[in-house]
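Asker: here you go, sequence then predicted model.
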Amino acid sequence: MYDMYVKKCKQTNDCPVKLWCYRDIFNKKFNLSFHPPRKDTCKRCDLMKLSIEAAKGEGDEAKAAQVQGEHELHLRKAEAARTALEAERQESASHEAFTFDLQKVLSLPKLSTNEVYYCRQLSVYNLGIHSLTTNKVTMNVWDETVASRGAEDIGSCLLQYCLALADVGIKTISAYSDSCGGQNRNHKIALIWMHICEISNIEEINHKFLVCGHSYLPNDSDFGVIERATQKSCELYVPEQWCSIIEKCSRKNPYTVVRMKQEMFVSVSDLVKRCTVRKTSLQGKKVEWLKMQWIQVRKSSPMKLYFKYSIQEDIAFDCVDFGKKDRGVQVLSSLKPAYDQHRTLSKEKAQDLKKLLKYVPPIYHEFYTTKTSQAVLSSSHEVLEEQCSDSETETPSTTRSASRSSTVKKNRICEHAADTGTPVTTQNGGRSTRSGQRSVRN
């Protein structure tokens, strides 16, 4: 800007002031500042802006006006959700409103050595719940050997939180979250809400979804406090140290940490068995989960999900009935555990954690020894599979049918090689190896 100012002065034959004087006047005499470039912007907004600019460049004013109208509608929806969230900040004896979100993965061990950047680490998950009515924050913490981070795991944390609210007399709940389909906006979370209404005194639950790309929640500020506190701790070794940081990071409003145990995670399989997840509403319309902005569950209407594709109050709800035809509603007082044993680590991650043990104080070695001893061990079957594999990529325990089919084919190739003595050429991490009859036998 100063260079532009000097250039302008030369054109007008004026004498420009020095840079320090220009900066002093700009900072003190004008109410102006530079806004840093935005990040994590809405992809839909970005695409629409590009479409508008392209249409105007081509002289297609009709298309530009159409896209501009769609963009304004998108922004109005985002603003309506934001306004509804802010309106919930009122204390009530019988109503509770909260937001929930999952923090980015926390890793262990957290080390300063550069070797850690090339190794897989133990993942620690943290689901934050921020009360809009009381401003209290609850953090649910667990590691990947305890549970995963799917819809059932998120729902288990919400179940624990909401049952505690019911015990203190809460009758209605409003929950806000982002629109992640895998974790928040799906039938499993809806079944959890129904289950809460069935077994507690809560009469109504409203779950509202913020528009994708405009879903900044109070939880994001809470997570920022944790990250700033983490910068002062260069090395962390066990999940309890993460819990300690979370508990102490906010002095004015201390966070409550719930250390989630494996028995606290429940499965919704029994709920799924007693219902039918229909794709058509009672109004005869197709149920589009990815477009829902508001779902509602009522104690007076068991196994029915009310929903709409807008956050506006004056728009009527549609309804989908999850109940089975000609069958009564069977109330389940409790749900079975989601896990019957600790989740195992992959062989590669276990090996990497063992590599990092030399940087971990001996007092914490037992923790990692326990975790890595439960890793998936190499059996003779897995050795054959590894030799015949085209890559070193691990197949997770939750492999889909396509991956299982591929594994069967590889094993058949190895079995044929063992029977005929034919050498099998495979690629192992970019290196060609030959494994003959001797390798297959081993």
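Answerer: Okay, I see it.
Asker: check contacts around Trp20.
Answerer: Contact analysis of Trp20 by Cβ atoms under 8 Å, 6 or more residues apart in numbering lists nothing. (C-beta placed from N, C-alpha, C; glycine too.)
Asker: run the chain-centre distance for whichever strand or helix holds it.
Answerer: Using DSSP states H and E, Trp20 sits within helix 19-29. The chain centroid and the centroid of helix 19-29 are separated by 46 Å under Cα atoms, centre = their mean, to the nearest Å.
Asker: kindly export it (C-alpha atoms) in PDB.
Answerer: C-alpha atoms of helix 19-29 as PDB (Å, rounded to 0.1, in the frame of the first residue of the first chain):
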ATOM      1  CA  LEU A  19       7.200   4.800   5.600                       C
ATOM      2  CA  TRP A  20       7.200   5.200   9.400                       C
ATOM      3  CA  CYS A  21       5.000   8.200   9.200                       C
ATOM      4  CA  TYR A  22       2.600   6.500   6.700                       C
ATOM      5  CA  ARG A  23       2.400   3.500   9.100                       C
ATOM      6  CA  ASP A  24       1.700   5.600  12.100                       C
ATOM      7  CA  ILE A  25      -1.100   7.600  10.400                       C
ATOM      8  CA  PHE A  26      -2.600   4.400   9.000                       C
ATOM      9  CA  ASN A  27      -2.700   2.600  12.400                       C
ATOM     10  CA  LYS A  28      -3.800   5.500  14.600                       C
ATOM     11  CA  LYS A  29      -5.900   7.800  12.400                       C
END
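Asker: which element follows it toward the C-terminus?
Answerer: helix 43-57.
Asker: after that next one, next one along is what?
Answerer: On the C-terminal side of helix 43-57, the nearest following helix or strand under DSSP H and E is helix 61-86.
Asker: got phi/psi on the residue nearest to the spatial centre of the chain?
Answerer: When the chain is reduced to its mean C-alpha position, the closest residue under Cα atoms, centre = their mean turns out to be Leu102, at 4.9 Å. With angles defined as degrees, to the nearest 10, Leu102 sits at phi -100, psi 130.
Asker: for beta bridges, what are the partners of it?
Answerer: On the basis of DSSP bridges, Leu102 is bridged to Leu127.
Asker: hang on, it packs against Tyr125?
Answerer: Yes: judged on Cβ atoms under 8 Å, Leu102 makes contact with Tyr125 at a distance of 6.7 Å.
Asker: need the overlap of contacts for those two.
Answerer: With Cβ under 8 Å, 6+ apart, Leu102 and Tyr125 have common neighbours Arg149.
Asker: tell me how far Tyr216 lies from Ala81.
Answerer: Tyr216 sits at a distance of 11 Å from Ala81 (criterion: Cβ to Cβ, to the nearest Å).
Asker: ok, Asp46 next?
Answerer: In terms of Cβ to Cβ, Asp46 sits 19 Å off from Ala81.
Asker: same deal with Ala350?
Answerer: 43 Å.
Asker: do the same with Ser221
Answerer: 18 Å.
Asker: so for Asp46 and Ala81, which residue has more residues nearby?
Answerer: Ala81 (23 against 12; other Cβ atoms under 10 Å).
Asker: correct me, but that one touches Lys208?
Answerer: Yes: Ala81 is within contact range of Lys208, at 6.6 Å (criterion: Cβ under 8 Å).
Asker: what number of residues lie near the closest residue to Leu271 other than its chain neighbours?
Answerer: Ranked by Cβ to Cβ, 6 or more residues apart in numbering and with sequence neighbours excluded, the top spatial neighbour of Leu271 is Leu191, at 4.4 Å. By other Cβ under 10 Å, 25 other residues sit near Leu191.
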